[in-house]
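Undergrad: Okay, predicted coordinates and the sequence, questions at the end:
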Amino acid sequence: MADEVILLDFWPSPFGMRVRIALTEKGIKYEYREEDLRNKSPTFLQMNPVHKKIPVLIHNDKPICESLIAVQYIDEIWNKKNPLLPSDPYQRSQARFWADYADKKIYDLGRKIWTSKGEEREGAKKEFIEVLKLFEEQLGDKVYFGGDNLGFVDIALVPFSTWFKALEIFGTLNVESECPKIISWANRCVQKESVSKSLPDQNKVFEFIADVKKKSGVE
Amino acid sequence: MASEHEEEVRVLGKWASPFTHRVVLTLKLKGVAYKYFEEDFANKSDDLLKYNPVYKMVPVLIHNGNSLPESLVIVQYIDDTWTNNPLLPQDPYERALACFWLKTLDDKILPAVWNACWSDGRDKAVEEGLESLKILQEALNGKRFFGGETIGMVDIAASFIGYWVDILQEIEGLELLTIEKFPKLYKWSQEFVNHPVIKETLPPRDKLFAFFKASASKNKDSTA
């Protein structure tokens, strides 16, 4: 029985990128469907009635919402190749903790940096750098957070690297000078086909964010 | 997974916290022996700062020297490590669904209901709280527990709804989780608090009532 895998997604979404990376790492053929979030389709609303958000992974007509849950599901179902989570329970829980930490901090802080001004922005920048430094500490001397191979935390975090240009231009935040290890880690990730195929060009993302800023009236 | 040497399991927590309760209840359901330490937030212990440097909050689990914060990460770790009495479904899709509800509880439902409890009856907050309870009742889908016939991880994660909400709504004179408004969810909450293992783990109602009432008065005084 052939698996039918569909991904409802929105190209600049870092959460959607996570699922794209996981599917590609596992070599899974899937249909990518772009959802226009300003004009949500009835199918989409049916697939994620609680949160009405992308990404939604649909596997043989069964919807899975929340990017990190979808990534874990992919890892469990297609478990013969490229494990994304460690098998040891403690290592696995550490991976979940750091992926969850990325979820709690990076998105909101990043948005604050390009939508706020003055003291509020400076506060967000400071905290953002502290968060990245914590991740640098976790990475240590490893090639990836997952060790020698791309793992759960790498997949959770690397999509946010598409925001770095926007952070620099709108937030005057140069990630490279503050957290060089994160930049070199992100560059290593992008060498992997699963990541380079799943992440849009940073310039395109920058233009998208500029557009969102303009439309929401933030200078 | 029993090892030959003695397992050292410690929990740093706060007795009134539903998040600490999740961890304590999970350990009890698995039959795991543990030592409990009550944290005083006015005077955080060296252990807390050492074992949860990122958030400096409870609960924290320490297992043979390895530490873990975040109640749902801890509960999943316990379930992965002590594999008797599994708290998540075996089927990967059902498991993904359960994980979705765990996340939705923490990201959406619990904050909305908590806000509704402390909102002084403000319409919007109460409306959002009720909407969240409606979503949770739908997730129950006519089952006895979220885990089916037996307690599962989503039931454990929803202990705030099962026990704490009744106390808070009484203190504030609100009607959030009632048999009239949410008959199925209310019935679940009764099954929850009367479950033989769970009821031994719940902090005494009168103590919790006094604790939150004092905290409510303090908040009102500071905003007066």
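TA: Arrived safely, thanks for sending.

Undergrad: C-alpha only now, for contacts and for neighbours.
TA: Noted.

Undergrad: tell me the SS of B:Pro89?
TA: coil (DSSP: H, G, I helix; E, B strand; the rest coil).

Undergrad: so it sits right up against B:Arg95, yeah?
TA: Yes: counting by CA atoms under 8 Å, B:Pro89 does reach B:Arg95; the two are 5.1 Å apart.

Undergrad: quick one, strands of chain B?
TA: For chain B, the strands defined by DSSP state E occupy B:9-13, B:35-38, B:60-63, B:66-69.

Undergrad: Is the third one positioned near chain A?
TA: So the one you mean is strand B:60-63. No: between strand B:60-63 and chain A, judged by CA under 8 Å from any CA of the partner chain, nothing touches; the nearest distance is 9.4 Å.

Undergrad: And for that strand, what's in contact with it?
TA: Strand B:60-63 is touched from outside by B:7-13, B:48, B:51-52, B:67-71, B:74, with contacts defined as CA atoms under 8 Å, 6 or more residues apart in numbering or on different chains.

Undergrad: Then the last one?
TA: Counting contacts by CA under 8 Å, 6+ apart, the residues outside strand B:66-69 that touch it are A:90, A:93-94, A:97, B:51-52, B:57-62, B:74.

Undergrad: What residues of the lengthiest helix in chain A count as buried?
TA: Using DSSP state H, we find that the single longest helix of chain A is helix A:89-115. Neighbour-count burial for helix A:89-115 flags A:89-90, A:92-102, A:106, A:109-115 (criterion: 16 or more other CA atoms under 10 Å in any protein chain shown).

Undergrad: What is that helix packed up against?
TA: helix A:118-139, helix A:152-157, helix A:164-171, strand B:66-69, helix B:71-81 (3 or more CA pairs under 8 Å, 6 or more residues apart in numbering or on different chains; DSSP states H and E).

Undergrad: among those, which is the most enclosed?
TA: helix A:152-157 (a mean of 25; mean count of other CA atoms under 10 Å in any protein chain shown).

Undergrad: quick check, it touching chain B?
TA: No: using CA under 8 Å from any CA, helix A:152-157 stays clear of chain B, with a minimum separation of 14.4 Å.

Undergrad: Which other helices and strands does that helix contact?
TA: Checking 3+ CA pairs under 8 Å, 6+ apart, helix A:152-157 ends up next to helix A:14-25, helix A:89-115.

Undergrad: Using JSON lines, lay out these together with distance to B:Val24.
TA: JSON lines is the format used below for these (distance: least, CA to CA, whole Å):
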{"stretch": "helix A:14-25", "distance to B:Val24": "33"}
{"stretch": "helix A:89-115", "distance to B:Val24": "18"}
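
Undergrad: Just the CA atoms of the least confident helix or strand in chain A by mean pLDDT, as PDB, please.
TA: Lowest by mean pLDDT, DSSP states H and E among the helices and strands of chain A is helix A:42-47, with a mean of 80. The C-alpha coordinates for helix A:42-47 follow below in PDB (Å, rounded to 0.1, in the frame of the first residue of the first chain):
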ATOM      1  CA  PRO A  42     -12.200  24.700   3.900                       C
ATOM      2  CA  THR A  43     -10.000  21.600   3.800                       C
ATOM      3  CA  PHE A  44      -7.400  23.400   5.900                       C
ATOM      4  CA  LEU A  45      -9.900  24.500   8.500                       C
ATOM      5  CA  GLN A  46     -11.200  20.900   8.700                       C
ATOM      6  CA  MET A  47      -7.700  19.500   9.200                       C
END
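
Undergrad: Now do the helices in chain B.
TA: Using DSSP H, helices in chain B cover B:18-30, B:46-51, B:71-81, B:92-104, B:110-117, B:123-140, B:153-157, B:159, B:165-172, B:183-194, B:196-201, B:205-223.

Undergrad: residues in chain A within reach of chain B, list them.
TA: A:50, A:64-66, A:69-70, A:72-73, A:76-77, A:89-90, A:93-94, A:96-97.

Undergrad: What is the most widely separated pair among those?
TA: A:Val50 and A:Tyr90 (31.2 Å; CA to CA).

Undergrad: So which bits of chain B are right by chain A?
TA: B:66, B:68-70, B:73-74, B:76-77, B:80-81, B:92-93, B:96-97, B:99-100, B:135.

Undergrad: Low-confidence regions, chain A specifically.
TA: A:1, A:217-219 (pLDDT under 70).

Undergrad: circling back: so how far is the longest helix of chain A from its chain's centroid?
TA: The chain centroid and the centroid of helix A:89-115 are separated by 10 Å under CA atoms, centre = their mean, to the nearest Å.

Undergrad: From A:Pro200, how far out is A:Tyr73?
TA: Look at A:Tyr73 and A:Pro200: by CA to CA, to the nearest Å, they are 24 Å apart.

Undergrad: Could you do B:Glu175 as well?
TA: Distance, B:Glu175 to A:Pro200, by CA to CA: 49 Å.

Undergrad: Domain parsing of chain B, as residue ranges.
TA: B:5-81, B:92-223 (automatic domain parsing).

Undergrad: okay if I get those domains as TSV plus mean pLDDT?
TA: TSV is the format used below for these (pLDDT from 0 to 100):
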stretch	mean pLDDT
domain B:5-81	92
domain B:92-223	94
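
Undergrad: List the buried residues for the host helix or strand of A:Pro63?
TA: Applying DSSP states H and E as the criterion places A:Pro63 in strand A:62-65. Residues of strand A:62-65 classed as buried: A:63-65 (neighbour count, 16+ other CA under 10 Å).

Undergrad: Could you list every helix and strand in contact with that strand?
TA: If contacts are counted by 3+ CA pairs under 8 Å, 6+ apart, strand A:62-65 sits against strand A:56-59, helix B:92-104.

Undergrad: Ok, which of those comes nearest A:Ile209?
TA: strand A:56-59 (22.2 Å).

Undergrad: Given the closest one, what are its sheet partners and their directions?
TA: According to DSSP bridges, strand A:56-59 forms sheet pairs with strand A:5-9 (antiparallel), strand A:62-65 (antiparallel).

Undergrad: Distance to B:Val193 for these - can I get that in TSV?
TA: Formatted as TSV, those follow (distance: least, CA to CA, whole Å):
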stretch	distance to B:Val193
strand A:5-9	40
strand A:62-65	30
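
Undergrad: A:Lys204: which of the ones you listed is closest?
TA: Nearest of the strands paired with strand A:56-59 to A:Lys204, taken as CA to CA: strand A:5-9 at 16.4 Å.

Undergrad: Using CSV, write out the CA atom coordinates for that closest one.
TA: In CSV, the C-alpha atoms belonging to strand A:5-9 read as follows (Å, rounded to 0.1, in the frame of the first residue of the first chain):
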residue,chain,number,x,y,z
VAL,A,5,1.7,12.1,2.4
ILE,A,6,0.5,15.7,2.0
LEU,A,7,2.0,18.8,3.7
LEU,A,8,-0.2,21.9,4.1
ASP,A,9,2.3,24.7,4.5
